[in-house]
Structure formats: C-alpha cells, structure tokens
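Q: Quick check, what structure comes out for this input:
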Amino acid sequence: MDVLAQERCTLSAQVMNRHPFSSHLLAVNAVTERFVVEYSLHKTINSMVLGSPAVEFTANHKDQHYTFTGTAPEETRFENQPAIQFVFPKTLLLHNRREHPRIPIPENMSLRCIADEAGFIPFESHITDISHDGLGCLLYDPDIILEKGSILKGCRIILPNGDAVIVDLELRYATPFTLADGTQANRAGLHFVQTPDEIQKLINHFIQDLDKK
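A: You can find the predicted model right below:
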C-alpha cells in the first residue's frame, strides 16, 4: 500500500445503495495502522462514506487490480485539506493476473465500440488494449455510470476495415481516467461473456499483426 500511496493511486468504491465513490490514496501510516484518502467532489457521497462501517476499495496500479477494505472511517486533514482516514485492511487482494498480456492498440488503428447497443442505453466508446484471451479496457464518457458486474448487451466492435463483431461484455471494474490531453474519461476492464467465432476474428485482426511487430 505504500507504493499505491506514493503514486496517489486512484481508488473507487460503492457505498450505500451502490453510489459510486471516487478518490485517491494519499497516505499510509504503519505505526498508527491508518490510511488516508481524499474527499470526493460530492459532499453527499463523502457523508455516506463516513457513515459506513466499512468500505471496499478497488485500486489499479501498473495493470494490476487490487481490492482492500477500510473500516471505521473518520474525518481528518491531509496537507491542510479535508480527507478521510480508515483503519488498515487485514488483507490486500490481487486480482486478474493474466496468462496473456494486454497489447495496446496503436492510435492509427482506432477500435470503436458501440457499447450496450442491444441494451438500454447504447453509448460510444473505444477499446484501448486487448489480449489473446479477450478484451482488455474500454474508455467512455465520464458521465456514464456502470456498476461492477454489469452486462453490456450486443456491443458492436467495429474493425478498421468496416467489419463488426457483436458480443456481450461483462464489466469487471471501472475507474476515472485522465487522457493525455487532460480530458476526463472512465476506464473499464471487461471480458467477453461468450466466445463466438467472430471474437477470434477480432483477436486475430490485431494480435497477430501486433505480435509480429
């Protein structure tokens, strides 16, 4: 957790009726067995966090996915700013180790995805990396709120040659993300719910060429 705090890693959580809480890990104190996170931008959500006996956080660092639980939240100050401190977690879990590494998609090979096209609210998104065993990460508008475990129905992944692959995607996690130009977005890790033949076409189109490079 020291490393996560040094880099002020982005944290996400859900509190009281699945309200999303977005923050950063600010400090870890092994002596007092406390860690500190910054306030979110929403006062109501901060109050919900302070009123929760425990909060399960998700952190993503160098393509690794961690979860840990903070208990007994209290108001505090850090660098003269309001913050929230928690009692140290008993465990820190590492998830989603991959047999196959994700490979970034070059900017000149943009992979557009109309997510949830067969669902309730279709939206534009872009796939940023993929792997031999399936989809990696999806970038989309920060105003769109998706919950862990959500199934995006009939997502249309459009290849540069105009072909399309239709597939359902399950959301594993979602965190706020800042693009290189400063634009805010959400970044979600997803995987294929089913594996029809069309998915192999998608993987082959990118992975085989990229592996040669």
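Q: From here on, just use CA atoms for contacts and neighbour counts.
A: Noted.
Q: What ranges does this protein have for its helices?
A: 2-6, 43-50, 197-203, 209-212 (DSSP state H).
Q: Now do the same contact list for the spatially most central residue of the chain.
A: Among the residues of the chain, the one closest to the centroid is residue 174, at 2.8 Å (CA atoms, centre = their mean). Going by CA atoms under 8 Å, 6 or more residues apart in numbering, residue 174 touches 12, 146, 147, 148, 186, 187, 188, 189.
Q: JSON lines please, covering the residues you listed and showing distance to residue 57, pLDDT and neighbour count.
A: As requested, the contacts of residue 174 are exported to JSON lines (distance: CA to CA, whole Å; pLDDT from 0 to 100; neighbours: other CA atoms under 10 Å):
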{"residue": "12", "distance to residue 57": "6", "pLDDT": "83", "neighbour count": "20"}
{"residue": "146", "distance to residue 57": "16", "pLDDT": "86", "neighbour count": "16"}
{"residue": "147", "distance to residue 57": "14", "pLDDT": "83", "neighbour count": "14"}
{"residue": "148", "distance to residue 57": "12", "pLDDT": "80", "neighbour count": "16"}
{"residue": "186", "distance to residue 57": "17", "pLDDT": "87", "neighbour count": "20"}
{"residue": "187", "distance to residue 57": "16", "pLDDT": "84", "neighbour count": "22"}
{"residue": "188", "distance to residue 57": "15", "pLDDT": "85", "neighbour count": "21"}
{"residue": "189", "distance to residue 57": "16", "pLDDT": "82", "neighbour count": "21"}
